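Undergrad: here's my sequence, what's the structure:
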Amino acid sequence: MILEKIDLENIDGQLFEIKVVDQESPKPASFTHYLNNHKNGVSQFYKKDALLYVKEILEKEYPTEKVTDKVAEEALQYLIFDLNKSIPFPEPKNPTFKFIDLFAGIGGFRLALQNLDGKCVFTSEWDKYSKQTYKANFGEIPFGDITKPETKTYIPDDFDVLCAGFPCQAFSIAGRRGGFEDTRGTLFFEVAKIINDKKPKAIFLENVKGLRNHDKGKTLATILNVLRNELNYYVPEPKILNAKNFGVPQNRERIFIVGFRKDLGINEFEYPKPIDEIRILDDILEEQEVSVKYYLSTTYLQTLKNHRARHESKGNGFGYEIIPNDGTANAVVCGGMGRERNLVFDERLTNFKPITNISGKVNREGIRKMTPREWARLQGFPDNFKIVVSDAQAYKQFGNSVAVPAIQATADKIIEKLNCR
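TA: Numbers count the residues shown, from 1 in each chain. As a prediction, this is how the structure comes out:
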């Protein structure tokens, strides 16, 4: 019997491997979504492709054996394993509500809502490196481009909350009423279509603070009009929350938009209030000496000083910034300035020999970039969150992510309104 010849550990590794050439195939995502949902009816949305995927791997590995549908079915059941033993953030044992995670990044929304006993039943993300991080931490490969109709077909019915940190884009609303059709071609349009088709009980959207004034306020006005009047959701006035008020030392303001399906009779909502605990940079800095690679070279440091001096002579406030240990970091964002605006003093370095190609020598002033782990902590990710990509990708991923504590505090208020506990 072929199953007796299968090296499950070897097959398991191949099934979970994300290959660049296979980024847009839904089969690996279906396989992992099936495993994560095998205890509930949602698994049936993913079973067909999961079986095809297992069958393909078996046929490749055992070309002389006949792999029937029955064999693939039995193998799939063998491969349903206890995710609690292999990933840092498994699903809650007794979930009280279901949610989907759109534009998922590395799973900030998922982490927050799982902490509240939520079960994620669908996730999508198109960046291949973010998928690797997501899979390493949650045991699930996100589906790809949500703008493609075939990707949307994998979204199950009957979930409670739709989460999305969608990018901000201009809408074509000149001379029009700013409705659903005016958002075509934008990523909000894709979110709105899913809301219209699936009608979740609640929606939770996050965006940059600038959305409030984007295109002179027309963009936000269009979003609210679509949600309130065309999709029929109660949407209170959006709120700008700052991560520093929710337990992390980062000055990060983001706009949150919450909505509830009108037939639920929910007509009031209060966003979370800041917590009393104020944290400082020293709370998240590395406990041990960090690698010399994070320390600035003398040449680079001088370039930063010259750049800031030029701006100061013109009366501008641009340039690098060193955050004091008792201070609050600036927002971590993608790009070089995200790191240059969050430099720290750290005089613990004992080995000044460069391990990367740098111009000049390692500076002796103790000035370094924060590490990816420190950025993770600034965003509220626990230390057992796996960083499995290069530093460059890690900075990008954490810079693009949400601040988990602010998301969780808001989601807690949403779930309270839905009476899911």
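
Undergrad: for the lengthiest strand in the chain, packing partners?
TA: Determined from DSSP state E, the single longest strand within the chain is strand 253-261. If you count contacts as 3 or more Cβ pairs under 8 Å, 6 or more residues apart in numbering; DSSP states H and E, strand 253-261 packs onto strand 202-208, helix 218-225, strand 233-234, strand 239-242, helix 404-418. C-beta: built from backbone N, CA, C; applies to glycine.

Undergrad: okay, angle between it and helix 218-225 too, please.
TA: 20 degrees (axes from the mean of the first three to the mean of the last three Cα atoms, to 10 degrees).

Undergrad: give me the buried positions along strand 253-261.
TA: With burial defined by 16 or more other Cβ atoms under 10 Å, the residues of strand 253-261 counted as buried are 253-261.

Undergrad: export it to PDB, keeping only CA atoms.
TA: Taking C-alpha atoms only, strand 253-261 is exported to PDB below (Å, rounded to 0.1, in the frame of the first residue of the first chain):
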ATOM      1  CA  GLU A 253      -1.200  57.400  14.500                       C
ATOM      2  CA  ARG A 254      -3.600  55.400  12.300                       C
ATOM      3  CA  ILE A 255      -7.200  55.800  11.400                       C
ATOM      4  CA  PHE A 256      -9.600  53.000  12.400                       C
ATOM      5  CA  ILE A 257     -13.000  52.500  10.700                       C
ATOM      6  CA  VAL A 258     -15.500  50.200  12.400                       C
ATOM      7  CA  GLY A 259     -18.900  49.100  11.100                       C
ATOM      8  CA  PHE A 260     -21.800  46.900  12.100                       C
ATOM      9  CA  ARG A 261     -24.500  45.400   9.900                       C
END
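
Undergrad: quick one: the helices in the stretch 1-150 of the chain, in order.
TA: 8-16, 26-36, 47-61, 69-78, 108-114, 128-138, 149-152 (DSSP state H, counting those that start in this stretch).

Undergrad: for Phe99, find the nearest of the ones you listed.
TA: Closest approach to Phe99 among the helices of the stretch 1-150 of the chain (Cβ to Cβ): helix 108-114, 5.3 Å.

Undergrad: other SSEs contacting the closest one?
TA: So helix 108-114, by 3+ Cβ pairs under 8 Å, 6+ apart, packs with strand 97-102, strand 118-123, strand 161-164, helix 404-418.

Undergrad: just checking, what packs against whichever helix or strand comes after the third one?
TA: Scanning the chain past strand 161-164 towards its C-terminal end, the next helix or strand to appear is helix 187-198 (assignment: DSSP states H and E). If you count contacts as 3+ Cβ pairs under 8 Å, 6+ apart, helix 187-198 packs onto helix 149-152, strand 161-164.

Undergrad: in helix 187-198, what counts as buried?
TA: For helix 187-198, by 16+ other Cβ under 10 Å, it's 187-195, 198.

Undergrad: give the burial count for the closest residue to Asn94 other than its chain neighbours, as a bare number.
TA: Nearest residue to Asn94 in three dimensions, chain neighbours excluded: Asp117, at 6.9 Å (Cβ to Cβ, 6 or more residues apart in numbering). Counted with other Cβ atoms under 10 Å, the neighbours of Asp117 add up to 16.

Undergrad: show me the one of the helices and strands packed on strand 253-261 that comes nearest Ala75.
TA: helix 404-418 (36.4 Å).

Undergrad: can you give me the strands in the stretch 251-400 of the chain?
TA: 253-261, 329-330, 344-345, 367-368 (DSSP state E, counting those that start in this stretch).

Undergrad: now those strands as CSV including mean pLDDT and distance to Trp375?
TA: Below are those laid out as CSV (pLDDT from 0 to 100; distance: least, Cβ to Cβ, whole Å):
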stretch, mean pLDDT, distance to Trp375
strand 253-261, 96, 16
strand 329-330, 95, 9
strand 344-345, 97, 12
strand 367-368, 97, 13
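
Undergrad: and of these, who's closest to Asp157?
TA: strand 253-261 (14.1 Å).

Undergrad: partner strands of the closest one and their direction?
TA: Note on strand 253-261: by DSSP bridges, its sheet partners are strand 202-208 (antiparallel), strand 233-234 (antiparallel), strand 239-242 (antiparallel).

Undergrad: mind putting those into a markdown table with mean neighbour count?
TA: Below are those laid out as a markdown table (neighbours: other Cβ atoms under 10 Å):
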| stretch | mean neighbour count |
| --- | --- |
| strand 202-208 | 22 |
| strand 233-234 | 21 |
| strand 239-242 | 18 |
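
Undergrad: now Gln288: how far from Glu416?
TA: Gln288 is 40 Å from Glu416, where distance means Cβ to Cβ, to the nearest Å.

Undergrad: and those two? Which one has more around it.
TA: For Gln288 versus Glu416, neighbours defined as other Cβ under 10 Å are more numerous around Glu416 (13 against 5).

Undergrad: re earlier: how about the strands paired with strand 253-261 in TSV, adding mean pLDDT?
TA: As requested, these are exported to TSV (pLDDT from 0 to 100):
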stretch	mean pLDDT
strand 202-208	95
strand 233-234	98
strand 239-242	97
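
Undergrad: show me what counts as buried in stretch 137-146.
TA: Residues 137-144, 146 are the ones in stretch 137-146 that count as buried (16+ other Cβ under 10 Å).

Undergrad: pull the contacting residues for Asp412.
TA: Contact partners of Asp412, counting by Cβ atoms under 8 Å, 6 or more residues apart in numbering, are 116, 272.

Undergrad: pLDDT weak spots in this protein?
TA: Regions of the chain meeting the criterion pLDDT under 70 cover residues 1-24, 78-85, 168-180, 182-185, 317, 335-337, 420-421.
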